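K.L.:
When you get a sec, could you give me coordinates for this:
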Amino acid sequence: MTSPTDIGAALQQDGGEGGAVPEPFGLGSSPLRSDALPKALGIYPYAADLWAEGLLWGAVLRSPHPHARIRGIDTSAALALPGVHAVVTAADLPPGPDGTPDGAPAGPIVADRPVLAAGVVRHHGEPVAAVAADHPDTARLAVGLIAVDYEPLEAVTDPEQAFTAPALHPDGNLFRHLPLRTGDPDAAGEIIVEGLYQVGRQDPAPLGAEAGLAVPRPDGGVELHLSSTDPHGDRERTAACLGLEPDRVRLVVTGVPGATTDREDISFQVTLALLALRTGRPVKMTLTREESFHTHTSRHPALLRYRHHADADGTLVKVEAQILLDGGAYADVSAEALAAATAFSVGPYVCPNVFVDAWAVRTNNPPAGRMRGEGALQACFAYESQLDQLAARVGVDPVEIRRRNAMSTGDPLPTGQAVTCPAPVRALLDAVAAEPLPALPVDDPDAEWLLPGGPGGAGDPSAVRRGIGYAVGMVHMLGAEGDDEVSTATVRVSGDHATVICAAVDAGQGFATLARQIVQTVLGVSEVYIAPADSDQSIAGPSARGRHTWVSGGAVERAALMVRHQLLQPIAANFGMSVELLQIADGKITSYDGVLGMPVAEALEGKELWATAQCRPHPTEPLDESGHGDAFVSISFCAMRAVVDVDIELGAVRVVEMTVAQDVGRALNPRQIEDRIEAGVAQGVGLALMEDLRTEDGLLGNPSLTGYRLPTSLDTPEVRIAALLEERDVVATFGAKAVSAVPAVVAPSAVAAAVRAATGLPVGRLPIRPEDAVTA
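P.N.:
Numbers count the residues shown, from 1 in each chain. Purely as a prediction, here's the structure:
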């Protein structure tokens, strides 16, 4: 067995005659992530590992009802328990505009979600009160002693009933209605295909549950140590909820133990800070897995009705759709998700006539929020299922029907926005279709074949059918509909090393590695240190929608270029030439004529240079009352082919292989891109076949990693990268596009298409249940 020491040594040298392996350098290479070894060895620090002198422990009381009126809260028994230092409720937060407790509501777009429920609970697990005690067991015991007098109310759990149900919140039950009207409403095609599609509630299920430490400050403020993915946004919302000035709240980002959505719900942060301020001592809180499922948001469940009109050859004439997103109890980013679902309702295809009505509604189900490809994924499942139906009706191959309708650069979205970025949809389809298919058991009967159901599955091998399915999808990058996307970075160079100061959180997407590569490329400095992110630094925005590659990467590049100019200007003046005639490559400064050849380290000797820069992409605009507008900065595309084996008697499905072709703009770090694609595929396969956070009458049915099934190594298929197409987006930083979200968007649709091909069944629901794949 290899020891940790052996692993470390293996990362430093190759053990062969060549000696030490040089570290890959700059953009286009694939250097080892700086956090790879600590994470592999289990020594990387997370919030759950933090400690402070005089530490207290926090715990939260959550509602057992999905909808109830709070008639009273008695905290006396909890306060009387030895070791308890504080109990807080909504009454301990700043009051609302009318002077009565309202729970200090907050939210990323609409401030409608209370930190602690005030008067009414609107979903199962909503925080009602919190305790600080000198031991975690004492804190949990005290929570159990808080007596809450609930009056259960009728829960609205069917999103279709939300339109006519009594208002669940002063803001009403409709988060947003977005109509899209493009073209001729009377247009019709020779062929019409219709479908009803459902997408379940997928949870991000991060590897590490929520944890944090709050430390009171002498100035009456508080310092929070959290795995936040948006330190400045979280600081602003936390300060507002506590009634403090933003500069009296500091948020220090710890290691992020998994984040495919926003981390650390605002209620968690504010409650933690409130307990620290109330007790005057540091307070730590680590959630159980069940509490974690209750705390963070999940993917929007969706109901989608579609009707496609096409000519006899399969060319799209008109698309009609109704899209309904269940936003749960609070708004969060439901309006943004709905915009993506509506704008991408036709997918990466050209259609002159599009009529869509889309709604996001409030229910008493758990709140839904940001999660890879929110809105785009739900729409992708519907329009790709429709394309499979259309191919069957026309009598053509599924790839061909997509090629005939594929959009190209310059084509409009249904919203009227022209797709100005590269849109190589046909090339992506051709790339996945050209790859060889995996072998069948009959090709090698002596090999051990892993059949559906796992090793030693109970099924009859003769009942296994193979299916092949295709899907194409798209996601937008950065914010949309007028979001002000901006990031700031500082680059400092001292001697032979550089430091990057940027509040962009590396939530696993590899920004810290990318920032290091950018500085290496621009300045020729090999040693680059990335400072830990916190809210005292200049704003960088949230880690979402691939924005840090573009916006924060752009800020780092601009700051590095300014330092480069400071470095080269005196050298150029010395040689009587302009800075533009000098270049930095391979750690050397050289002139166009070869006269000058100076090591960068020599030029930097004794110097300290620094610069700060911002990056702000071109503005976007909100969609108007007819669903039109230039709402997105850029779009990323992906095509996939799924190969599955289905036991048609048991309904068991095994994904054999996923073949991926992706539009990446420019491969800044090829290995990191492949890692992100594989991660997205795994998450997409999970939604396709098993991940479903179930609710019954608003109550969570499986809030554990035993009940909520995640893909294991046996469930995750081989991922074949057919192509990373590098058509640079001229307005993007380095021409690169985001890579993490779009594989997660496309994979479920590709798997569903393959199951349809294997079974001949319609498959209109995600995840696909065994009964959906049984034909015998």
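
K.L.:
avg pLDDT for stretch 485-495?
P.N.:
Here stretch 485-495 scores 92 as its mean pLDDT.

K.L.:
how about that stretch: buried residues?
P.N.:
485-493 (16 or more other C-beta atoms under 10 Å). All C-beta spots, glycine's among them, are computed from the backbone N, C-alpha and C.

K.L.:
tell me the helices in the stretch 351-500 of the chain, going along the chain?
P.N.:
Applying DSSP state H, counting those that start in this stretch to the stretch 351-500 of the chain gives helices spanning 376-394, 398-405, 425-434.

K.L.:
Give the other helices and strands that the longest one contacts.
P.N.:
This points to helix 376-394. Applying 3 or more C-beta pairs under 8 Å, 6 or more residues apart in numbering; DSSP states H and E, we find helix 376-394 packed against strand 191-199, strand 302-310, strand 316-326, helix 334-343, helix 398-405, strand 464-480, helix 741-759.

K.L.:
And for Ile130, the neighbour number?
P.N.:
Heads up, residue 130 is Ala, not Ile. Neighbour count of Ala130, defined by other C-beta atoms under 10 Å: 31.

K.L.:
where does it land on pLDDT?
P.N.:
At Ala130, pLDDT is 98.

K.L.:
what's the following helix or strand after the helix or strand that contains it?
P.N.:
Assigned by DSSP states H and E, Ala130 belongs to strand 127-133. Using DSSP H and E, the helix or strand that follows strand 127-133 towards the C-terminus is helix 136-145.

K.L.:
Buried by neighbour count: which residues of that next one qualify?
P.N.:
For helix 136-145, by 16+ other C-beta under 10 Å, it's 138-143, 145.

K.L.:
Give me the next element, helix or strand, following the helix or strand hosting Val60.
P.N.:
Val60 belongs to strand 56-62 when assigned by DSSP H and E. Note on strand 56-62: by DSSP H and E, the next helix or strand toward the C-terminus is strand 68-74.

K.L.:
quick one: strands adjacent to that next one?
P.N.:
Paired strands of strand 68-74, with direction, are strand 120-121 (antiparallel), strand 147-152 (antiparallel) (DSSP bridges).

K.L.:
Pick the most deeply packed of these.
P.N.:
strand 120-121 (a mean of 22; mean count of other C-beta atoms under 10 Å).

K.L.:
Give me the contacts around that one.
P.N.:
The set of residues external to strand 120-121 that reach it, using C-beta atoms under 8 Å, 6 or more residues apart in numbering, is 63, 65-70, 128, 150, 153.

K.L.:
which of those residues lies closest to Ala162?
P.N.:
His67 (12.4 Å; C-beta to C-beta).

K.L.:
Please list all residues in contact with that closest one.
P.N.:
Residues near His67 by C-beta under 8 Å, 6+ apart: 120-123, 152-156, 168, 364, 698.

K.L.:
what's around Gly220, how many residues?
P.N.:
Gly220 has 10 nearby residues by other C-beta under 10 Å.

K.L.:
can you check Gly208 too?
P.N.:
18.

K.L.:
and it, how far is that from Ala507?
P.N.:
12 Å (C-beta to C-beta, to the nearest Å).

K.L.:
Leaving out the residues flanking it, which one is nearest to Ile539?
P.N.:
Distances taken as C-beta to C-beta, 6 or more residues apart in numbering put His232 closest to Ile539, at 4.6 Å, once the chain neighbours are dropped.

K.L.:
Need the three-state assignment for that neighbour.
P.N.:
Following DSSP: H, G, I helix; E, B strand; the rest coil, we place His232 in the helix state.

K.L.:
what angle separates the strand holding Val60 from strand 147-152?
P.N.:
If you take axes from the mean of the first three to the mean of the last three C-alpha atoms, to 10 degrees, strand 56-62 sits at 30 degrees to strand 147-152.

K.L.:
What is strand 56-62 packed up against?
P.N.:
Where contact means 3+ C-beta pairs under 8 Å, 6+ apart, strand 56-62 is packed against strand 127-133, helix 136-145, helix 266-279, strand 283-286, helix 289-295.

K.L.:
Any chance of the ones you listed in CSV with distance to Ala80 as columns?
P.N.:
CSV is the format used below for those (distance: least, C-beta to C-beta, whole Å):
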stretch, distance to Ala80
strand 127-133, 12
helix 136-145, 8
helix 266-279, 17
strand 283-286, 20
helix 289-295, 24
